[in-house]
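Trainee: Provide a 3D model corresponding to the input given below.
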Amino acid sequence: MTGEGGGRTAKQGLRSLPRPALCLVLAVDAGAVGIGVFSSISAEITRTQWLWFAVLAAAAVAHLEAVRTIERRREQASKKAPYTNLKSLWVFAALLVLPLPLVLALTAVSYAYCWYRVYGPTILFRKVYSAATFVLASAAASAVLNNVSPGARLPHDLWSLLLVAAAAAVWWLVNYALVVVAICLSTHEKLPVRQALGHPGDQLVVASALGLGATMAVLLVREPWALPAPMIAVLCVHRDLLLPQYLRASRTDQKTGLAAPAYWADVVTAALDRAKLSQTRLGVVFLDVDKFKAVNDTYGHPAGDQAIRAVADLVRAEVRSEDLVARYGGDELAILVPGLDPGQLLAVAERIRTRLLHTPVVLTATTDGQPRTLPGVSTSMGVASYPENGASVDQLLMSADGALLRAKRNGRNQIRVAGAVVLAEADPRSGRAFG
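Mentor: Residues are numbered from 1 along each chain as shown. Okay, here's the model as predicted:
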């Protein structure tokens, strides 16, 4: 789970949780404690297993120490989304060669060391919960291995490899589901599912970690002298994890999850080059929320941020996967729509305008603490198309911006097309900011 917050204690952090999230956290923590106690009662641990545990624990600590600066930055950059790391590598390796109590002990060692050296002051219950999800995931994966093929955990043929892959899939699913559900329940405002699920590339990191864990387990048992080689590779891969995260952050507006202006402009440039080569069309829509300042002045800036996020979600729901929506300014969005002729582009813009105008927006972060429901969002839009309204990016964007300005000057809540006087059906509420 993401480690948000600063110097609050675990008790204060728990008190701040909504009741469903609090119940989930306590249930998962209690389940992890129960699994630890129950699995330790009848466990028989050999000297060799203790030796393997010591090697894996030392490797995990060395790994965490080597990348602690990177991990601190990655966790700080993670907001209301699953925070992925490579601790699962060592935990899954332990799962394949050690009894469950030692797997849980390795989990405790990893998180305790991270608490001391990596995370620093943060909300303790979040890390306890994350460790508990590791425990439940390990117990579920161990059950798969024990029930299907007791005593044979290392891959040595196709069947055993598939079994290990199934156990890894179960481990990932349990851990991921518990983290995503906790994120959804712990926020006091409606969180977009896409944000709670996190970036798909992050889950590829977890899959890679589990695969490397299986490799480490095989080497530990059969060729322990070769362990340093993959450890060097792990450290090199781990150092590259920060780059994609920073790259995504630079491309994304943090308040809405839409594309950032600079990234959107780069995509427009590339899309226009493709349109010229393939002799296809390219459309741009500029959207401005009418009198948005009145929302901030009346309900406060946090409520205004909620309104912009609601607008962003609605617009994103009305466009195709190949279209790109950006937050171009405070209350202005820009939409890149390739492959449509001017008539089709106008129809898309009108569909967006209509949905925004007739979809209620609930604001909970108002200055007086009382929720408000806005009946709809009035918007003005400017539409421009390549090649009709510009042959370069600057010409295209200036045409769309000029059309947007005409829409605002002519009464708002309408669409203007660059080089024409086409407008959407006027609405008697056009002078009002939100419906």
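Trainee: if I look at Ala132, how far off is Leu162?
Mentor: Taking CB to CB, to the nearest Å as the measure, Ala132 and Leu162 are separated by 29 Å. Heads up, the C-betas are built off the backbone N, CA and C, glycines and all.
Trainee: relative to Ala167, how far out is the residue of the chain positioned farthest from its centre?
Mentor: Relative to the centre of the chain, the most outlying C-alpha is that of Arg47, 42.6 Å out, by CA atoms, centre = their mean. Using CB to CB, Arg47 is found at 26 Å from Ala167.
Trainee: what does Leu17 give?
Mentor: Distance from Leu17 to Ala167, by CB to CB: 32 Å.
Trainee: more neighbours, the two?
Mentor: Ala167 (26 against 19; other CB atoms under 10 Å).
Trainee: following the helix or strand hosting Asn146, which helix or strand comes up?
Mentor: For Asn146, the host element (DSSP states H and E) is helix 124-148. Of the helices and strands lying after helix 124-148 in sequence (DSSP H and E), the nearest is helix 158-186.
Trainee: residue boundaries of the helices in the stretch 151-300 of the chain?
Mentor: For the stretch 151-300 of the chain, the helices defined by DSSP state H, counting those that start in this stretch cover 158-186, 193-197, 200-222, 228-239, 242-251, 261-278, 292-299.
Trainee: mind checking pLDDT for the residue nearest to Pro155 when sequence neighbours are not counted?
Mentor: Sequence neighbours aside, Leu161 is the residue nearest to Pro155 in space, at 4.1 Å (criterion: CB to CB, 6 or more residues apart in numbering). pLDDT for Leu161: 88.
Trainee: count residues in the vicinity of Leu161, would you?
Mentor: Leu161 has 13 nearby residues by other CB under 10 Å.
Trainee: do you know how far Thr107 is from Lys87?
Mentor: From Thr107 to Lys87 the distance is 8 Å (CB to CB).
Trainee: over to Gly283?
Mentor: 46 Å.
Trainee: out of those two, which sits in the busier spot?
Mentor: Gly283 (28 against 22).
Trainee: can you give me the end-to-end distance of stretch 412-419?
Mentor: 18 Å (CA to CA, to the nearest Å).
Trainee: pLDDT on that stretch, on average?
Mentor: pLDDT averaged over stretch 412-419 gives 89.
Trainee: try stretch 353-370
Mentor: Stretch 353-370 comes out with an average pLDDT of 87.
Trainee: next one: stretch 266-274
Mentor: 90.
Trainee: who's in contact with that stretch?
Mentor: If you take CB atoms under 8 Å, 6 or more residues apart in numbering as the criterion, stretch 266-274 is touched by Ala259, Thr280, Leu282, Val284, Leu324, Leu336, Pro338, Tyr386, Ser392, Val393, Leu396, Leu397.
Trainee: and the fourth one, how many neighbours does it have?
Mentor: Right, the one you point to is Val284. Neighbourhood size, Val284 [other CB under 10 Å]: 29.
Trainee: pLDDT below threshold where in this protein?
Mentor: In the predicted model, the chain carries pLDDT under 70 at residues 1-16, 70-84, 119-123, 148-152, 187-196, 198-201, 236-250, 420-435.
Trainee: which ones are touching the residue nearest to Gly329 when sequence neighbours are not counted?
Mentor: Leaving aside its chain neighbours, Gly329 sits nearest to Pro261 (7.7 Å; criterion: CB to CB, 6+ apart). Counting by CB under 8 Å, 6+ apart, Pro261 touches Ala326, Arg327, Tyr328, Gly329, Ala334.
Trainee: distance check, Ile352 against Gly330.
Mentor: Going from Ile352 to Gly330 by CB to CB gives 19 Å.
Trainee: what's the answer for Pro228, then?
Mentor: Pro228 is 53 Å from Gly330, by CB to CB.
Trainee: who has more neighbours out of these two?
Mentor: Gly330 (13 against 10).
Trainee: contact partners for that one?
Mentor: Per CB under 8 Å, 6+ apart, neighbours of Gly330: Phe292, Ile308.
Trainee: which SS state does it fall under?
Mentor: coil (DSSP: H, G, I helix; E, B strand; the rest coil).
Trainee: hang on, Ala139 packs against Leu100?
Mentor: Yes. Ala139 is within contact range of Leu100, at 6.6 Å (criterion: CB atoms under 8 Å).
Trainee: anything in contact with each of the two?
Mentor: In contact with both Ala139 and Leu100: Ile35, Ser39, using CB under 8 Å, 6+ apart.
Trainee: could you pull up the residues touching Trp225?
Mentor: So Trp225 contacts nothing (CB under 8 Å, 6+ apart).
Trainee: do Phe53 as well
Mentor: Ala94, Leu98, Leu102, Ala105, Leu106.
Trainee: which secondary structure element contains it?
Mentor: Applying DSSP H and E, one finds Phe53 within helix 47-66.
Trainee: buried stuff in that helix?
Mentor: Gln49, Trp52, Phe53, Val55, Leu56, Ala57, Ala59, Ala60, Val61, His63, Leu64 (16 or more other CB atoms under 10 Å).
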